[in-house]
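Enquirer: Using only what follows, build the 3D model:
(one chain, ligands or ions: 2)
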Amino acid sequence: MNPNADTIAAIATPAGTGGVGIIRISGPEAFRIATRLSGISNPTPRKALFATFKNNHDQIIDSGLLLCFQTPASFTGEDVVELQGHGGHVVMQMLLKAVLQAGARLARPGEFSERAFLNDKIDLVQAEAIADVISGGSEQAVLASQRALQGEFSNHVNHILELLIQTRIWVESAIDFPEEEIDFLADEQLRQQMADLNQALKNTLAQTQTGVVLNQGINLAIIGKPNAGKSSLLNCLTKEDTAIISDVAGTTRDVIKEDIVIQGIPVRVIDTAGIHDTDNPIEQQGIDRALNVKAQADVVLHVIDGSDMPETLEQNNKEITIINKSDLLHAKAPDHAVVVSALNQTGLDALEQAIVSRVIKTALGDSTFTARARHIEQLKITQSHVDEAESQLQHNQGELSAEELRLAQHAMSEITGEFSSDDLLGRIFSSFCIGK
Ligand SMILES: Nc1nc2c(ncn2[C@@H]2O[C@H](COP(=O)(O)OP(=O)(O)OP(=O)(O)O)[C@@H](O)[C@H]2O)c(=O)[nH]1
Ligand SMILES: [Mg+2]
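Expert: Ligands and ions are numbered 1, 2, ... in the order given. Next up, the predicted model:
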């Protein structure tokens, strides 16, 4: 606990009117301020007390509940007080003003979470998860953020750190005994440990990357032969007349992108040129772009003209097979395909469902974490150092391997904030909302 910390306050509920509005106060003066406003001396911690709140002219400005949490058993780890009044804009401002006049200062965005971090109540990943729970763009994203908030992601990070430290100790002690160094470094157990470390990193990276998908959305590419109805499908998904449709094969040449939201998941839909053999250089450029989009996409809708269905249909795990023109369909569609008619707008609910299930299946094992680009960056840096450490080890370069492991440990510790520059902390917490 920082004994020199001042006392901060903010309105914790959103701006606007609501039944209840909450002012949160944290710091050494919190209880004194609560007493000053409510007249209740020595409020019992963790007990909801009915109170009237007065300003410094002794006028009653509101009534409601007073809730106190005594250090260290509070969110920030400091003495914390919540004043729960009526959720009107003016009354909340009056209450806040009274709190500030009684000795608190206005909190900066994220300052409560920052104090919780500085007082070791939560690590950096958990602090970020709080912001992510609040801003979560889909149910899945919120659930994933909650897992991180509960410390699941941090546990993985700490497990990797533990493996890293053990490996470092091993390699460094080998260096300290130069006569036996080669034997030490060639030990099968050490090689195995390095391999385990690498695997743990790979798994965590995969889970983290899918977490990013839930927050930042996916790229959905529409791919298929000319005239299959790709642009018609784009227009169905965007519910707008986005792309030109015609029965001329090769209508679309440019890549067309539209942002939509499907069941809370942000989706960038990308329509592309029909893929086929052509002598036309402009069309060929469009096809090259289409293939590029396909390669980059998270999920691909492979659109097939139902009136001209091929005998066999390949299935690939990032593709959803769409049989379009169901009105002209004569053969039976394969079970794994989604059958739609873009013209008659049928089968579109099933299509949306298929997209969401595909995203959830790939992105949401029960173990997906909330993730930020920052985490992925650090995991990748760690991974590259561990790869390098492993290869140095194979060449019996103990010192170089040890140095790479040290760098890996440092990169990894930045995730939970064990080693983090003030600059990084400032950037993270200032992106929070006030009162959090
Ligand atoms: N009968 C029927 N026709 C459809 C359906 N969907 C699209 N079409 C028609 O198929 C033709 C091609 O549609 P587009 O959406 O332009 O096809 P595309 O795949 O984007 O074609 P390119 O851009 O040329 O590659 C148009 O005449 C559409 O009206 C459908 O469900 N049923
Ligand atoms: Mg088209």
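
Enquirer: Spell out which parts of the protein neighbour ligand 1.
Expert: Listed as neighbours of ligand 1 in the chain under the rule CB under 6 Å from any ligand atom: 224, 226-232, 245-247, 249-252, 273-274, 324-325, 327-328, 341-343. (Each C-beta comes from the backbone N, C-alpha and C, glycine too.)

Enquirer: Let's see which of these end up in helices.
Expert: Among these, the members found in helices (DSSP state H) are 230, 231, 232.

Enquirer: Residue 273 is in contact with residue 222, correct?
Expert: No. Between residue 222 and residue 273 there is no contact under CB atoms under 8 Å: 10.5 Å.

Enquirer: okay, now the domains of this protein?
Expert: 8-121, 130-213+370-430, 221-362 (automatic domain parsing).

Enquirer: how about these in TSV, adding mean neighbour count and distance to ligand 2?
Expert: Listed next are the domains of the chain as TSV, based on neighbours: other CB atoms under 10 Å; distance: least, CB to the ion, whole Å:
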stretch	mean neighbour count	distance to ligand 2
domain 8-121	19	43
domain 130-213+370-430	18	26
domain 221-362	17	3
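
Enquirer: you'd agree residue 82 is in a strand?
Expert: Yes. Membership of residue 82 in a strand is supported by DSSP: H, G, I helix; E, B strand; the rest coil.

Enquirer: Any figure for the gap between the nearest residue to it once chain neighbours are set aside and residue 73?
Expert: Among residues not flanking residue 82 along the chain, residue 67 sits closest, at 4.3 Å (CB to CB, 6 or more residues apart in numbering). For residue 67, the distance to residue 73 equals 13 Å [CB to CB, to the nearest Å].

Enquirer: ditto for residue 404
Expert: 42 Å.

Enquirer: cool, and residue 103?
Expert: Relative to residue 73, and taking CB to CB, residue 103 is found at 23 Å.

Enquirer: Ok, residue 175 next?
Expert: Counting by CB to CB, the gap from residue 175 to residue 73 is 46 Å.

Enquirer: before we move on, what about residue 401?
Expert: For residue 401 relative to residue 73 (CB to CB), the value is 45 Å.

Enquirer: Likewise for residue 373?
Expert: 34 Å.

Enquirer: swap in residue 223?
Expert: 56 Å.

Enquirer: and the domains of the chain as a markdown table, adding mean pLDDT?
Expert: Shown next, in a markdown table, are the domains of the chain (pLDDT from 0 to 100):
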| stretch | mean pLDDT |
| --- | --- |
| domain 8-121 | 96 |
| domain 130-213+370-430 | 85 |
| domain 221-362 | 91 |
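
Enquirer: okay, the ones you listed in JSON lines with distance to residue 436 next?
Expert: Shown next, in JSON lines, are the domains of the chain (distance: least, CB to CB, whole Å):
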{"stretch": "domain 8-121", "distance to residue 436": "6"}
{"stretch": "domain 130-213+370-430", "distance to residue 436": "6"}
{"stretch": "domain 221-362", "distance to residue 436": "22"}
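
Enquirer: Tell me which residue in the protein sits closest to ligand 1.
Expert: In the chain, the residue that lies nearest ligand 1 is residue 274 (2.8 Å; CB to the nearest ligand atom).

Enquirer: That residue contacts residue 229, doesn't it?
Expert: No. Using CB under 8 Å as the test, residue 274 is too far from residue 229 to be in contact (10.0 Å).

Enquirer: most residues in a single helix of the protein, which one?
Expert: Per DSSP H, the chain has its longest helix at helix 188-216.

Enquirer: the helices in the protein, which residues?
Expert: Counting by DSSP H, the helices of the chain are 30-38, 89-101, 111-118, 124-135, 139-149, 152-176, 181-186, 188-216, 230-238, 281-296, 348-363, 373-394, 398-416, 422-430.

Enquirer: quick one: the longest helix of the chain to chain centroid distance?
Expert: Its chain's C-alpha centre and that of helix 188-216 lie 17 Å apart, by CA atoms, centre = their mean, to the nearest Å.

Enquirer: same deal with stretch 245-252?
Expert: On CA atoms, centre = their mean, the centre of stretch 245-252 falls 39 Å from the chain's centre.

Enquirer: thinking again about what came up before, would you turn the helices of the chain into a markdown table with distance to residue 52?
Expert: As requested, these are exported to a markdown table (distance: least, CB to CB, whole Å):
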| stretch | distance to residue 52 |
| --- | --- |
| helix 30-38 | 7 |
| helix 89-101 | 11 |
| helix 111-118 | 25 |
| helix 124-135 | 31 |
| helix 139-149 | 35 |
| helix 152-176 | 42 |
| helix 181-186 | 72 |
| helix 188-216 | 43 |
| helix 230-238 | 54 |
| helix 281-296 | 61 |
| helix 348-363 | 50 |
| helix 373-394 | 46 |
| helix 398-416 | 43 |
| helix 422-430 | 34 |
